[in-house]
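1. what follows is a protein structure lacking sequence information:
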């Protein structure tokens, strides 16, 4: 497939958010033409791709017609029309990651069943169809409080998730088919980005440690490399490889895991696309997650994932109490700090906890990087003009 980068090869990317934007930027280095499908004309990727199509990626006809215009399809979001992708694949279209795998991953319950069936460590779970079934299960003691409720489909970035810590929280239960997970006593949350190319070659990126915003259930800070025991690190890397190899998936996969207080490693969730836990790789690693995804789906050898320099990544989230036209405060002061790399996604409107950008802080000392990141977090704010 080496001739692809010197031809008029068209890569279709379904959804044009920040991930689609950064993937399109990486593709431009090889002169790969990028076609974006997204419902918003002002999405981050709209103005940097080769061709933009406005349309609903949950609509069968829209996805099918878009797919016929391009040579290969990938995506930056899971919640897309699978039936259209399956039809396109049956007609010979290259689609990576494979739509059959995306269909499993779209359903958090099916994900958990996959882990169980392939002996991949994960927390205990039950699958229930309604709020009333959950209440009945609590009443007959087949479910114990505390637990975590996740809607099986459509949840993302903390949405579609409720933590039930006591009976007082039961009014927060959501209606719909749900995955009920045992509450895990978590010591740390980590992630491993792993890639597999069309020839079956597999490589992992260094394990990262994630810290979450308690209000929004979003990653607030990411540390690379993770400060964890070498044995746990090796185990996390092997689990990530096992997941992608059991799926026989082509592309990049983010594998999020818990380390329990007793030192047990459990898979939480996976994402078959470039991921928030890999943003730092743009500056911190020899190969970025975006380049690696392209290498994987185009059949090139996978790139070197070694760390060039330790890093801390922080998400730029919309400030609480601010909605409307966005403005950024503190850019000049933060850019004066050595090792600070700021990425603004280009979203026109902000709202509380919306991901508006990220900052990667590089330093030879991870402790120094943490201090710089703390300073950036206190200075750089995402607000509205309103």
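-> Sure, I can see it. Everything numeric here is computed off the predicted structure, so don't read it as measured data. Numbering: from 1, shown residues only.

2. give me the three-state assignment for residue 221.
-> Put simply, residue 221 is strand when judged by DSSP: H, G, I helix; E, B strand; the rest coil.

3. that one: neighbouring residues, count only.
-> 18 (other Cβ atoms under 10 Å). In short, each C-beta sits where N, CA and C put it, glycine included.

4. same question for residue 68.
-> The burial count for residue 68: 11, using other Cβ under 10 Å.

5. skip the chain neighbours and tell me the closest residue to it.
-> Leaving aside its chain neighbours, residue 68 sits nearest to residue 88 (7.4 Å; criterion: Cβ to Cβ, 6 or more residues apart in numbering).

6. read off the pLDDT value for the one you found.
-> Confidence at residue 88, expressed as pLDDT, is 98.

7. hey, what's residue 13 bridged with?
-> With DSSP bridges as the criterion, residue 13 is bridged to residue 36, residue 74.

8. now residue 270
-> Beta-bridge partners, per DSSP bridges, of residue 270: residue 255.

9. shouldn't it be in contact with residue 249?
-> No: between residue 270 and residue 249 there is no contact under Cβ atoms under 8 Å: 9.5 Å.

10. quick revisit: just checking, the residue nearest to residue 68 touches residue 67?
-> Yes: using Cβ under 8 Å, residue 88 is in contact with residue 67, at 4.2 Å.

11. which neighbours do those two share?
-> 73, 95 (Cβ atoms under 8 Å, 6 or more residues apart in numbering).

12. shaky segments in the stretch 101-250 of the chain?
-> For the stretch 101-250 of the chain, the stretches with pLDDT under 70 are 155-158, 214-217.

13. hey, where'd the strands end up in it?
-> In the stretch 101-250 of the chain, the segments counted as strands under DSSP state E, counting those that start in this stretch are 125-128, 147-151, 161-164, 178-182, 186-196, 202-204, 208-213, 218-224.

14. as a markdown table, the ones you listed with distance to residue 347 would be great.
-> Below are the strands of the stretch 101-250 of the chain laid out as a markdown table (distance: least, Cβ to Cβ, whole Å):
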| stretch | distance to residue 347 |
| --- | --- |
| strand 125-128 | 34 |
| strand 147-151 | 25 |
| strand 161-164 | 23 |
| strand 178-182 | 30 |
| strand 186-196 | 24 |
| strand 202-204 | 31 |
| strand 208-213 | 18 |
| strand 218-224 | 15 |
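
15. how about those, which one is nearest residue 101?
-> strand 186-196 (10.9 Å; Cβ to Cβ).

16. next, the buried residues of that closest one.
-> Neighbour counts using 16 or more other Cβ atoms under 10 Å place 188-196 of strand 186-196 among the buried residues.
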